[in-house]
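K.L.:
need coordinates for the below:
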Amino acid sequence: YCDVGIAEQHCVTLAAGLACEGMKPVVAMYSTFLQRAYDQLIHDVALQDLDVTFAIDRAGLVGPDGPTHAGSFDLSYLRCIPNMIVMAPSNENECRQMLYTAYHYPGPAAVRYPRGGGTGVPIQFTMSLMELGKAQILHQGQKIALLAFGSLVTPALAAGQELNATVVNMRFIKPLDEELLIEIAQSHSLIVTLEENAIMGGAGSAINECLAAHHLTLPTLNLGLPDSFLEHGDPDLLLANCGLNTAGIVKSIKDKLRHITTKTD
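P.N.:
Modelled structure (predicted):
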C-alpha cells in the first residue's frame, strides 16, 4: 500500500510507473478527486495502454459531503478516453466481481461505485471474470425498455415491474453491449436510460450515440443528474428531488409517454 496523501496527480503517475515495471497497481480514489489527475490519467496511463485498475469511490451523490465531493461526472469524463474500460456495479456482489475483472484486464479499467452500503444481496465469495461489455436482462417487459447503470438499477427494476417494462442492468458504460441494445431498440417503442451521473455526456449519451450510429430512431428518455451542483443533504431525498427514485422514474416515463401520444395524435 502506498498512501500518497492529497496528491492525486502524483498517485496516478506513480501507478503508471509501477505498471511500466510489470506491477499491477490499483488506484483507489474518490470520483471527484480523480478529476484533479485527468491529465495524468490520459497521458501517463491511457495513452500507453498501461495495466492500471481504478477503484473509484463516492461515484454519484454523496449526501452530507456536499457538492465538492459528489462524483457527478466520472462516466462523462472517462468514457471519452481511448483504451479505457468503464464499469458500474448494481450491488455489492457485482462490485466485487467487477473489481476482480478490472484487475485481470490487461489495460486501464475503472469501476465506479457509490458511497454507503450495498443492497443486501448474497456475496459470492468465489471470484469470477465477467464478460466484457455484456449486459444483463433483469425483467422482460413490453414496449418500454429501462437501461440502468450502477446504483439506479434497483429503483429502475421496481419502476419496470410497475410499468411492465424490460429492465436491463447495463453493467458496462464502455464497451456497451451493442448487440443487446440493437435488439432492444428493434423490439421496443421507448428507451429510457438511468444513471447517477450528469446527463450531459454520460451513459445515456453513449446509448444515444450507439443508436444513431446504427441508424435506429425511436423515442428516448435520458434520466440522470441535472446540469447543476447539488447541495448537501440526505442522499435519498436528493435522488428523489432529481426524480431518480422509483416514483420519480415512473412519473418521468408516464410524462414522456403522454408527450409521445400527444405528438402522434
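K.L.:
switch to C-alpha atoms for all contacts and neighbour counts from now on
P.N.:
OK.
K.L.:
what strand or helix carries the residue nearest to Ile137 when sequence neighbours are not counted?
P.N.:
In space, and not counting its chain neighbours, Ile137 is closest to Val168: 4.4 Å by C-alpha to C-alpha, 6 or more residues apart in numbering. Under the criterion of DSSP states H and E, Val168 resides in strand 166-169.
K.L.:
show me what that strand is packed up against.
P.N.:
Strand 166-169 sits against strand 136-139, strand 144-148, helix 153-163, with contacts defined as 3 or more C-alpha pairs under 8 Å, 6 or more residues apart in numbering; DSSP states H and E.
K.L.:
for the chain, longest helix please?
P.N.:
Criterion DSSP state H: the longest helix present in the chain is helix 246-264.
K.L.:
just give me how far that helix sits from the chain centre.
P.N.:
Here the centre of mass of C-alpha atoms in helix 246-264, compared against the chain's by C-alpha atoms, centre = their mean, to the nearest Å, lies 23 Å away.
K.L.:
before we move on, what about stretch 170-189?
P.N.:
Remark: stretch 170-189 is offset 14 Å from the chain centroid, using C-alpha atoms, centre = their mean.
K.L.:
and the average pLDDT for that stretch is what?
P.N.:
Mean pLDDT, stretch 170-189: 98.
K.L.:
report the buried residues of that stretch.
P.N.:
Residues of stretch 170-189 classed as buried under the neighbour-count rule (16 or more other C-alpha atoms under 10 Å) are 170-178, 180-181, 184-185, 188-189.
K.L.:
before we move on, the earlier item: quick check: the residue nearest to Ile137 touching Ala135?
P.N.:
Yes. The pair Val168 / Ala135 is scored as a contact, 6.8 Å apart, by C-alpha atoms under 8 Å.
K.L.:
of these two, who's got more company?
P.N.:
Val168 (25 against 22; other C-alpha atoms under 10 Å).
K.L.:
any idea how far the more buried one lies from Ser72?
P.N.:
In this view, Val168 and Ser72 are 22 Å apart by C-alpha to C-alpha, to the nearest Å.
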